[in-house]
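>>> what's the 3D shape of this:
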Amino acid sequence: MINHYRSPYPNYIHQLFITPSKHLYALKDRRLKWQDKAMEVKLDKIEEADKEHAVHYIVADHTSAAFYAELRTSKTLMTPSEFLTRAWREKPDFFFHGIPEYMIVPTAVSNKYPEIVGWLEQLDVGLVPPSSGFQAGIHQVRNWEKDVANSISFHSYFEKTPCTLDNISVNIAKALKMANDSEINRPGIRMTRKQLWAMPVEGRPAIRVLA
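Numbering: from 1, shown residues only. Below you'll find the model as predicted:
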């Protein structure tokens, strides 16, 4: 493990988030609803919650802040390895792919899914202590929650139909593309996350992908 690090190129360090939404949940008719007052629900207790909470799955690259995300609910959870397998594979419609050299896994995630440690070790991915994670991570989760909420509102307004668990994947894909095509907020940098992720860097090794 490493305690302090610099991120010399994309796919050097990724950070994983599996985060219950503080504002989004599903109704019995599968419509997604936003609640202004934040809901406090922990990942390890998510299945016992009264509401069917939305759960954000995000893996973010440290160098570029590029990320891949999916949305599930407390009734349709998936394991970290299931999510990361899709995130790291090459995709015909999205640029983000590749196995990182190191991974930051929050304690809440490794406690609920202890098998993730062995799975990453099999892929020769080193583990970084969560306390050493990049601080922008939590901010990125909050911004993504707002992006998802906005996409739900846009769908309901323009399509004249409610956004549900059945059609949210299309909205997530659009929101994900827009977020990664936006300029990153760093001093002196006027590039998008996607551009930074693809930028040639001397010494960057070939991207490892899952078979």
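>>> Give me the distance from the lowest-mean-pLDDT helix or strand in the chain to the chain's centre.
Lowest by mean pLDDT, DSSP states H and E among the helices and strands of the chain is helix 136-159, with a mean of 80. In terms of C-alpha atoms, centre = their mean, to the nearest Å, the centre of helix 136-159 is set 13 Å apart from its chain centre.
>>> One more: stretch 165-181?
Using C-alpha atoms, centre = their mean, the offset of stretch 165-181 from its chain centre is 12 Å.
>>> Name the residues of that stretch that are buried.
Residues of stretch 165-181 classed as buried: L165, N167, I168, N171, I172, A175, L176, A179, N180 (neighbour count, 16 or more other C-beta atoms under 10 Å). For glycine as for every other residue, the C-beta is placed from the backbone atoms N, C-alpha and C.
>>> Doesn't the fourth one lie inside a strand?
Which is N171. No. Going by DSSP: H, G, I helix; E, B strand; the rest coil, the assignment for N171 is helix, not a strand.
>>> what about the residue nearest to it when sequence neighbours are not counted, neighbour count?
In space, and not counting its chain neighbours, N171 is closest to S151: 4.1 Å by C-beta to C-beta, 6 or more residues apart in numbering. Neighbourhood size, S151 [other C-beta atoms under 10 Å]: 20.
>>> Tell me which stretches of this structure form strands.
All strands of the chain, identified by DSSP state E, fall at 13-26, 32-34, 52-61, 67-73, 102-104, 126-128.
>>> Remind me what the third one packs against, helices and strands.
Using 3 or more C-beta pairs under 8 Å, 6 or more residues apart in numbering; DSSP states H and E, the elements in contact with strand 52-61 are strand 13-26, strand 67-73, helix 80-88, helix 136-159.
>>> Find the residue at the geometric middle of this structure.
I58 (1.0 Å; C-alpha atoms, centre = their mean).
>>> Nearest spatial neighbour of L120, chain-adjacent residues omitted?
Using C-beta to C-beta, 6+ apart, the closest residue to L120 is M103 (5.6 Å).
>>> correct me, but that neighbour touches I13?
Yes. Counting by C-beta atoms under 8 Å, M103 does reach I13; the two are 7.2 Å apart.
>>> of these two, who's got more company?
Legend: neighbour count by other C-beta under 10 Å for M103 and I13, higher for I13 (26 against 21).
>>> Is that one in contact with I104, as I believe?
Yes. At 6.7 Å, I13 and I104 qualify as touching, with contact defined as C-beta under 8 Å.
>>> Next, the contact list for S110, please.
Counting by C-beta atoms under 8 Å, 6 or more residues apart in numbering, S110 makes contact with I116, V117.
>>> at 6 Å what do you get?
S110 makes contacts with I116, as judged by C-beta atoms under 6 Å, 6 or more residues apart in numbering.
>>> Same check on P130?
Here P130 is in contact with I104, P106, T107 (criterion: C-beta under 6 Å, 6+ apart).
>>> Output the residues you listed as CSV; include the columns neighbour count, distance to L210 and pLDDT.
Shown next, in CSV, are the contacts of P130 (neighbours: other C-beta atoms under 10 Å; distance: C-beta to C-beta, whole Å; pLDDT from 0 to 100):
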residue, neighbour count, distance to L210, pLDDT
I104, 24, 19, 93
P106, 17, 22, 92
T107, 10, 25, 92
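>>> Cheers, nothing more for now.
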